[in-house]
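the sequence and its predicted three-dimensional model are supplied below.
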Amino acid sequence: MKEFHLKALRCPSCRRSLRLSEVHLDGDEIESGKVVCEKRHSWLVDEGIPALVYPRASAKDETWIKQYDSMAENYDDLLKSYDEWLGIDMMKERERLGNYVTIEGPSKIADVSMGTGANFAALYGRFRQEMGRFDFHGLDMSHGMLRIARRKFKDLGITVGLVQGNVFNLPYQDDYFNLVIHSGGINTFSDKSRALEEMLRVVKPWGIVVVTDEGLSPDVRRTDRGKEILKTNSLFGSRPPLEHVPPMARHLEVAYVMGGTFYQMVFSK
Ligand SMILES: C[S@@+](CC[C@H](N)C(=O)[O-])C[C@H]1O[C@@H](n2cnc3c(N)ncnc32)[C@H](O)[C@@H]1O
Ligand SMILES: [Zn+2]
């Protein structure tokens, strides 16, 4: 992380701003040390990633996080196997997230539960000539996933402020981002309403939240291909969790992407 990334963050315990303390730098990269708030809550930074996890994950969420930690190194290969199985090009499909990016000027974007950072890699694929206008932030609870994302961003030359945090209490300021992206977690989250409320909280007024997860479209569900997909992985039977979208969200739209195998909910503040 770099010092300017702190502007987006807040203490997950008392919600106050954070400042650096006892940091070790590598150029302008903060490698390790601590970030602290006025109330002296102190949070470790390890491998450039501040751990702003509060509250701890529930037992059920913890089980998922452990699984993600253990699959982090092979996660991108797993995603690639989805391409052949579902007959899609997931990285190309992810580039469509660029449709929700403001067409010019500075843009602050958060990817919440970012995994290995595929969404930012896809946005880089689409906007590589104009990366200077973006302020990218990525959060995940799994340190293993974040470590892989960090390596990927280094290789691509993209600057992303990474943070280990809980989607149920995002350590980000209110009304901060132009766009909040979430893909591939909500189906298994223990408190979907809370996660979506948090995404809406951190987006600016008029900003956009895009949520994508496994869930076959009604058309694909009826086909033999759909039935085969459901038999192999029941998560594809999930429906868009519309009942959990915060009541204050506006302009809610639901679509199906990735060849009708994932739902996508888009709403604004
Ligand atoms: C299926 S992966 C999706 C990763 C990535 N967004 C993608 O599209 O490839 C789900 C991610 O959610 C993260 N996650 C699960 N529970 C979380 C929580 N409570 N807070 C933050 N991240 C969480 C996992 O660590 C994992 O990286
Ligand atoms: Zn604090």
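Structure's in. What do you need? Ligands and ions are numbered 1, 2, ... in the order given.

number of nearby residues for the one residue in the stretch 51-200 of the chain that gets nearest to ligand 2?
Residue nearest to ligand 2 within the stretch 51-200 of the chain: residue 54 (9.1 Å; C-beta to the ion). Quick note: C-beta positions are derived from backbone N, CA and C, even for glycine. The tally of other residues near residue 54 (other C-beta atoms under 10 Å) stands at 16.

now it: which helix or strand?
If you go by DSSP states H and E, residue 54 is not part of any helix or strand.

and it, how far is that from residue 141?
Taking C-beta to C-beta, to the nearest Å as the measure, residue 54 falls 11 Å from residue 141.

and the strand or helix carrying residue 266, what does it pack onto?
Using DSSP H and E, residue 266 maps to strand 262-268. On a contact count with 3 or more C-beta pairs under 8 Å, 6 or more residues apart in numbering; DSSP states H and E, strand 262-268 meets strand 203-214, strand 250-257.

returning to what we had before: so the residue of the stretch 51-200 of the chain closest to ligand 2 sits against residue 14, correct?
No. Assessed by C-beta atoms under 8 Å, residue 54 is found out of contact with residue 14, at 9.8 Å.

list the contacts for residue 13?
37, 39, 41, 54 (C-beta atoms under 8 Å, 6 or more residues apart in numbering).

strands of the chain, start to end?
18-26, 29-37, 42-46, 49-52, 107-112, 134-140, 160-165, 177-183, 203-214, 250-257, 262-268 (DSSP state E).

need those in TSV with mean neighbour count and distance to residue 67, can you?
Below are those laid out as TSV (neighbours: other C-beta atoms under 10 Å; distance: least, C-beta to C-beta, whole Å):
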stretch	mean neighbour count	distance to residue 67
strand 18-26	14	30
strand 29-37	18	27
strand 42-46	17	21
strand 49-52	24	19
strand 107-112	24	19
strand 134-140	24	13
strand 160-165	24	16
strand 177-183	24	17
strand 203-214	20	16
strand 250-257	14	25
strand 262-268	21	20
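
of all those, which one is nearest ligand 1?
strand 177-183 (3.6 Å; C-beta to the nearest ligand atom).

pairing partners for that closest one, with directions?
Partners of strand 177-183 in the sheet, by DSSP bridges, are strand 107-112 (parallel), strand 203-214 (parallel).

mean pLDDT for the ones you listed - can I get that in TSV?
As requested, those are exported to TSV (pLDDT from 0 to 100):
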stretch	mean pLDDT
strand 107-112	98
strand 203-214	98
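
great, nothing more from me.
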